[in-house]
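# Can you look at this prediction? I've put the sequence above it.
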Protein chains: 2
Amino acid sequence: MLALTLTYPATIVPRNGSCGERRKETIVLDAATATLPRTSGSVDRLVRLAETDMAGVNALITDRMQSDVPIIPALAEHLIAAGGKRLRPLLTVAAARLAGSDNDHCLKLAASVEFIHTATLLHDDVVDGSQLRRGKVAAHLIWGAAQSVLVGDFLFARAFELMVETGSMKALEILARASRVIAEGEVLQLMRSHDLNLSQAVYLEIIQAKTAELFAAASEAGAVSAGVEPDKAAALKAYGLNLGLAFQLADDALDYGGATETLGKNAGDDFREGKATLPLLLAIARSGPREAEFWERAIGRREQTEADFRRARELIIGSGALDATLDLAADYADKAKAALAVFPANDWREALESLADFAVSRRA
Amino acid sequence: MLALTLTYPATIVPRNGSCGERRKETIVLDAATATLPRTSGSVDRLVRLAETDMAGVNALITDRMQSDVPIIPALAEHLIAAGGKRLRPLLTVAAARLAGSDNDHCLKLAASVEFIHTATLLHDDVVDGSQLRRGKVAAHLIWGAAQSVLVGDFLFARAFELMVETGSMKALEILARASRVIAEGEVLQLMRSHDLNLSQAVYLEIIQAKTAELFAAASEAGAVSAGVEPDKAAALKAYGLNLGLAFQLADDALDYGGATETLGKNAGDDFREGKATLPLLLAIARSGPREAEFWERAIGRREQTEADFRRARELIIGSGALDATLDLAADYADKAKAALAVFPANDWREALESLADFAVSRRA
């Protein structure tokens, strides 16, 4: 474990403080977890509420990843059984139940959403050459890139077979569109992600496409399966979209603010791959000439030494870039919660509100 | 060009000769084109009949491969504009018209089918490391494997978006299932394709999954878009399935019986990759000890010299394995034609019959 405690000056503005009260103070930050206090949230409440539904979703996932070709369930299970938070299918189920669904179509749509997500992870890890996924060796390093690509294709097709079973053309439309936008986002990311002049707008466009669109589609498809009014389906879509943005921003912050042991992937992956995520882009924008030279060498030319990630982390935390990223994530989480106002306050709504806070406050 | 004329003994049984007339004769075969005479057919008749429809399909293909991310249409166009025979979308259109369709849903389904096919080609070429496709440098060698995988995903998702526009859940079911079976076939092929003990049954299972299922789905989806009776939809599905088997068997034969210039891919690709296709499997089964040693070295251990493909070709042609493969292809072509008997004889039916013969008699 990287037990690193550093002392350096940081400009801190208390979240609820007025501008008049703004003052400089020097505090000790633990670089491994350095963030300002956030509204804490939890995914546990949603997990408990959706427990029965998610047991059904998991049974469907296990059933439908089977194939007469034994390597397919073996490879798929390696990734799917490793867990992950199952956030996207949870969203589908929760959206359906909040929208008043009393049937089980949302379970099949939730399983579809998880298959689409798993397919994109398999392809992503091949594309990025990632070594770890969900704390386990990436599938392509065990079975080969070719099998990972093909099993991704299998899961993607299975997702559409499951959607067909629900008979909901609208859900198919939503998830087909999301799948296409995800692929566009991945291509855009591959083209632009090493560009240190990437604007915040294009960065947000990329994370919306590659992450937030599936969160949005997962929620909207759940809502649609409940046969809800269009404004409520749109509200759940907006919830998912903003939650997805918050989630990805926090993820990109965690890559500099967490430790490998809790992340389930290599902390510093983004740095080592030279990925232009917001914490990095903001830190670069705030650099003096000496830091600029460091970024140009380590990211621009990708000439990195062992110690560089530690330095990058210090600069990103010390410049306030990490907190600025998490502030933006918190703004999106607030928008996500606000979108739920069209629904009466109940357990499902509160659990989704807590999930939005969790997206930003989580440590892994 | 490989201008190779060889003389060797071959046992020839005239196709229409009775058993009583069977006799041995030594003939000169041009190894580059050595096959027995087959019922010749043509794709031209179908191409002419479907000209207006296919112009619509091509316009849709061009329109729907567009994206705000410019590399996507560039990469997709590289492959799609290179042509190919557009056999699968042709099947969709022809099946719809033969089944009496007077609307244009079949055009969107035909474009979907071509997108699914293009996506699988992009992924296949990455998986196999192929150098050439449709006579051009394979896309992954120009844009990289990562982009090829992601653009394949984009086209696959676009295919489902197009299907949704037709509103036909049955067509979605057919094509989602076919997409899944194709992926299973590709995985199975990757696992077993270097197995020299592969049985003919498993070989046929692989080519059915990776090729014939999409032919079947393309035809059936076209029929379904016409709102035709189930027995006629089943007949067109059977036509497509048998046509696909005939087509792939002939393709595998062409890899040993054609010249690079007319194939549009490298002749001998299958041999160099050590792929256990039927011509190879039959030749191995018919080998004496000396030939068995050659196969074990060249395919089993993949220790190949420049001259080995020529020798493999001689053995495959000389042993009658090439002709046996084409005989089997001709049997499937006959089954394909027989399936059309439920339809009245008209231009569309005759064009599809001619296509079945063409699948076997073609030189490229």
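Cool, the structure landed.

# And residue A:75, how close does it get to residue B:209?
When distance is defined by C-beta to C-beta, to the nearest Å, residue A:75 is 17 Å away from residue B:209. Backbone N, C-alpha and C define where each C-beta goes, glycine included.

# go on, residue A:189?
Following C-beta to C-beta, the distance that separates residue A:189 from residue B:209 is 33 Å.

# now swap in residue A:334 and tell me
Residue A:334 sits 50 Å away from residue B:209 when distances are taken as C-beta to C-beta.

# Of these two, which one has the most company?
A direct count of neighbours by other C-beta atoms under 10 Å in any protein chain shown for residue A:334 and residue B:209 places residue B:209 higher, at 23 against 16.

# Excluding chain neighbours, give the residue nearest to the more buried one in space.
Setting aside the residues directly before and after it, residue B:209 is nearest to residue B:185 in space (C-beta to C-beta, 6 or more residues apart in numbering or on different chains), at 2.5 Å.

# Kindly report the same for residue A:191.
The shortest distance from residue A:191 to any residue that is not its chain neighbour, by C-beta to C-beta, 6+ apart, is 6.2 Å, and that residue is residue B:71.

# ok, that neighbour - contacts?
When the contact criterion is C-beta atoms under 8 Å, 6 or more residues apart in numbering or on different chains, the partners of residue B:71 are A:187, A:191, B:143, B:147, B:151.

# Produce a ChimeraX select command limited to the buried residues of those.
The ChimeraX selection below is limited to those of these classed as buried (16 or more other C-beta atoms under 10 Å in any protein chain shown):
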select /A:187 /B:143,147,151
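
# Pull the most distant pair out of the contacts of residue B:71.
In the contacts of residue B:71, two members sit farther apart than any others by C-beta to C-beta. They are A:191 and B:151, at 11.8 Å.

# For chain B, see how far away residue A:188 is.
With distances taken as C-beta to the nearest C-beta, to the nearest Å, residue A:188 is found 5 Å from chain B.

# List the contacts of that residue.
Residue A:188 touches A:202, A:205-206, A:209, B:69, counting by C-beta under 8 Å, 6+ apart.

# filter those residues to the buried ones?
In the contacts of residue A:188, burial by neighbour count holds for A:205-206, A:209, B:69, counting by 16+ other C-beta under 10 Å.

# okay, these in JSON lines with distance to residue A:301, pLDDT and secondary structure next?
Written out in JSON lines, the entries for the buried ones among the contacts of residue A:188 read as follows (distance: C-beta to C-beta, whole Å; pLDDT from 0 to 100; DSSP: H, G, I helix; E, B strand; the rest coil):
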{"residue": "A:205", "distance to residue A:301": "26", "pLDDT": "95", "secondary structure": "helix"}
{"residue": "A:206", "distance to residue A:301": "22", "pLDDT": "95", "secondary structure": "helix"}
{"residue": "A:209", "distance to residue A:301": "28", "pLDDT": "97", "secondary structure": "helix"}
{"residue": "B:69", "distance to residue A:301": "26", "pLDDT": "92", "secondary structure": "coil"}
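
# So what does the residue nearest to residue A:228 when sequence neighbours are not counted look like in phi/psi?
Counting by C-beta to C-beta, 6+ apart, residue A:99 is the residue found nearest to residue A:228 once chain neighbours are left out, at 3.9 Å. For residue A:99, the backbone dihedrals (degrees, to the nearest 10) come out as phi -80, psi 0.

# Residue A:99: neighbour count?
Around residue A:99 sit 24 other residues, with neighbours defined as other C-beta under 10 Å.

# List the buried residues in the helix or strand containing residue A:326.
Secondary-structure assignment from DSSP states H and E places residue A:326 in helix A:321-339. The neighbour-count criterion (16+ other C-beta under 10 Å) identifies A:321-330, A:332-337, A:339 as the buried residues of helix A:321-339.

# Break down the stretch 51-200 of chain A into its strands, ranges please.
Taking DSSP state E, counting those that start in this stretch as the criterion, the stretch 51-200 of chain A contains strands spanning A:132-133, A:136-137.

# Quickly compare those strands and say which is most buried.
Burial among the strands of the stretch 51-200 of chain A, expressed as mean neighbours by mean count of other C-beta atoms under 10 Å in any protein chain shown, is greatest for strand A:132-133, which shows a mean of 18.

# In terms of secondary structure, what does that strand contact?
For strand A:132-133, the packing partners by 3 or more C-beta pairs under 8 Å, 6 or more residues apart in numbering or on different chains; DSSP states H and E come out as none at all, with no helix or strand in contact.

# Kindly format the C-alpha coordinates of stretch A:47-54 as PDB.
Listed in PDB are the C-alpha atoms of stretch A:47-54, where the atom choice follows Å, rounded to 0.1, in the frame of the first residue of the first chain:
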ATOM      1  CA  VAL A  47     -29.200  -2.700  -3.000                       C
ATOM      2  CA  ARG A  48     -31.500  -3.700  -0.100                       C
ATOM      3  CA  LEU A  49     -34.600  -2.400  -1.700                       C
ATOM      4  CA  ALA A  50     -33.800  -4.100  -5.000                       C
ATOM      5  CA  GLU A  51     -32.600  -7.300  -3.500                       C
ATOM      6  CA  THR A  52     -35.400  -9.600  -4.800                       C
ATOM      7  CA  ASP A  53     -35.400  -8.000  -8.200                       C
ATOM      8  CA  MET A  54     -31.600  -8.200  -8.500                       C
END
